[in-house]
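Novice: Return a 3D structure for these sequence lines:
(one chain, ligands or ions: 1)
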Amino acid sequence: MHVPKIVKIKRIIEESPTVKTFMFDWEVKNEIPGHFMMVWNFYDEKPMSISMIDPLKNEIGISIKNIGKFTGQVHELSPGDKLGLRGPYGRGFHITGSKVLAVGGGIGMAPIVAFSEEASRIGVDVHVISAAGTMNELLFNDRIQRSGSKLLTCTDDGSHGFCGFGTDLAEKAMSEDDYDMIVSCGPEIMMKKLFEMVEKFKIPAQFSMERYMKCGMGLCGQCCVDDLGWRVCVEGPVFWTDELKMITEFDKYKRDSSGVKHSIP
Ligand SMILES: Cc1cc2nc3c(=O)[nH]c(=O)nc-3n(C[C@H](O)[C@H](O)[C@H](O)COP(=O)(O)OP(=O)(O)OC[C@H]3O[C@@H](n4cnc5c(N)ncnc54)[C@H](O)[C@@H]3O)c2cc1C
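Specialist: Presented below is the predicted three-dimensional model:
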C-alpha cells in the first residue's frame, strides 16, 4: 500500500483556467470522499484529495490547481504520461443523515464533488454551496447537477450565482432548511466561519483540513497539529466539530516544510 503504483494518465479534464482533473484506472476498494492520495511525479510527492471515485469503471480522479512548482509540472503532462500514486490515506467524510449541506471553496470543491456524488447515490438529499472568486473558477457544476444534488453557486465578483461568500449563503441555507449534517472543505477562514455557524445552529459538522504533509501515512510527524499532536494525514484530514475545537492552531497558524509557524491570513 505504501509503495507508489505507477499509473498512466487515462484522460485529462480542463475544469477551469487553473484546475485540471487527471483520471486513472484504479481498482476501487475502500476509497471514500475525503480520502487523499500521495501523487508522485518522480521529482516530488504531494497530497491530493480524490475528486472522483467510480467503482463501476474502476477509475479515480485527482483535481489539481496549478499554484507552484509541483502542480505546474503535473499540469504539463498529457494522457499516457505516468505518475506514481499511493493511498488512499486519511479519514474521509462520514456520510450520515438524510439532508446534508456541503460547502466547498475553490479547490476545496475536489472532495466535496466526490461527496455529493456518493451521498446522492445512496439517497441523501445533498445541497452543495460552491464558492469561487469568479465564474470561470467555479468547479464541477455539471457533475453536481447530474448527481441530483441541489447546486447553489456564489462568486466574490457576482459573475455567477450569489454575489458574496459561501458562508453568507450557508447561513441563509441553515436558517431556512433543517440539515442533519454539514461537510466542508476550503480556505480555513471559510471553515472557521462555518464552524461558528454550526455551533450556533447546533448541526453536526465535518471539516477537511490541510496541513503540510510529507509521508502522508503518519510516520514523519510533519502535519501534527497543536496541542494534541494529531496527525492530519491519519486522524484527519476530516475532523468533526468537537475534534476541531481541540485543535488550537485551527484558523491561527500552520507550519511550512521546515516546521516554521505562519499565521493564517
Ligand atoms: C489532505 C490534502 C489534500 C489536498 N488536496 C488537494 C487537491 O485535491 N487539489 C489541489 O490542487 N491541492 C490539494 N492539496 C494541496 C496541495 O497538496 C498543494 O497545494 C501542493 O502540494 C502545492 O505544491 P506546489 O509545489 O505546486 O506549490 P508550492 O509553491 O510548493 O506550495 C504552495 C502552497 O501549497 C501548500 N503545500 C505545498 N506543499 C505541500 C505539501 N506537501 N502538503 C500540503 N500542502 C503543501 C503550502 O501551503 C504552500 O504554501 C491538498 C493538501 C492536503 C494536505
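Novice: CA atoms for contacts and neighbours, from now on please.
Specialist: Will do.
Novice: Quick one: residues contacting the nearest residue in space to residue 249 that is not next to it in sequence.
Specialist: Closest residue to residue 249 apart from its sequence neighbours, by C-alpha to C-alpha, 6 or more residues apart in numbering: residue 226 at 5.8 Å. Residue 226 is in contact with 247-249, counting by C-alpha atoms under 8 Å, 6 or more residues apart in numbering.
Novice: Check whether whichever strand or helix holds residue 100 comes into contact with the ligand.
Specialist: Assigned by DSSP states H and E, residue 100 belongs to strand 99-105. No. With C-alpha under 6 Å from any ligand atom as the criterion, the ligand is not reached by strand 99-105; the gap is at least 11.7 Å.
Novice: what separates the residue nearest to residue 249 from residue 261, distance-wise?
Specialist: 11 Å (C-alpha to C-alpha, to the nearest Å).
Novice: who touches the strand holding residue 100?
Specialist: Applying C-alpha under 8 Å, 6+ apart, the set of residues contacting strand 99-105 is 109, 112, 116, 124-132, 166, 170, 178-187, 190.
Novice: partner strands of that strand, parallel or antiparallel?
Specialist: According to DSSP bridges, strand 99-105 forms sheet pairs with strand 125-132 (parallel), strand 181-185 (parallel).
Novice: quick one: which of those is nearest residue 196?
Specialist: strand 181-185 (12.2 Å; C-alpha to C-alpha).
Novice: and the longest strand seen in the chain, C-alpha only, in PDB?
Specialist: Counting by DSSP state E, the longest strand found in the chain is strand 45-54. What follows is strand 45-54, C-alpha atoms only, in PDB (Å, rounded to 0.1, in the frame of the first residue of the first chain):
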ATOM      1  CA  GLU A  45       5.300  13.900  -3.900                       C
ATOM      2  CA  LYS A  46       2.200  15.900  -2.700                       C
ATOM      3  CA  PRO A  47      -1.200  15.100  -1.100                       C
ATOM      4  CA  MET A  48      -4.200  15.400  -3.300                       C
ATOM      5  CA  SER A  49      -7.900  14.700  -2.500                       C
ATOM      6  CA  ILE A  50      -9.700  12.100  -4.500                       C
ATOM      7  CA  SER A  51     -12.200  14.100  -6.500                       C
ATOM      8  CA  MET A  52     -13.900  11.300  -8.400                       C
ATOM      9  CA  ILE A  53     -14.500   7.700  -7.400                       C
ATOM     10  CA  ASP A  54     -16.100   5.300  -9.900                       C
END
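Novice: how about it against the ligand, any contact?
Specialist: Yes. Applying C-alpha under 6 Å from any ligand atom, one finds strand 45-54 touching the ligand at 46-49.
Novice: Next: stretch 9-19.
Specialist: No. Stretch 9-19 is not in contact with the ligand by C-alpha under 6 Å from any ligand atom; minimum separation 7.3 Å.
Novice: Give me the distance between the residue positioned nearest the centre of the chain and the ligand.
Specialist: Of all residues in the chain, the one closest to the mean position by C-alpha atoms, centre = their mean is residue 111, 3.6 Å from it. When distance is defined by C-alpha to the nearest ligand atom, to the nearest Å, residue 111 is 7 Å away from the ligand.
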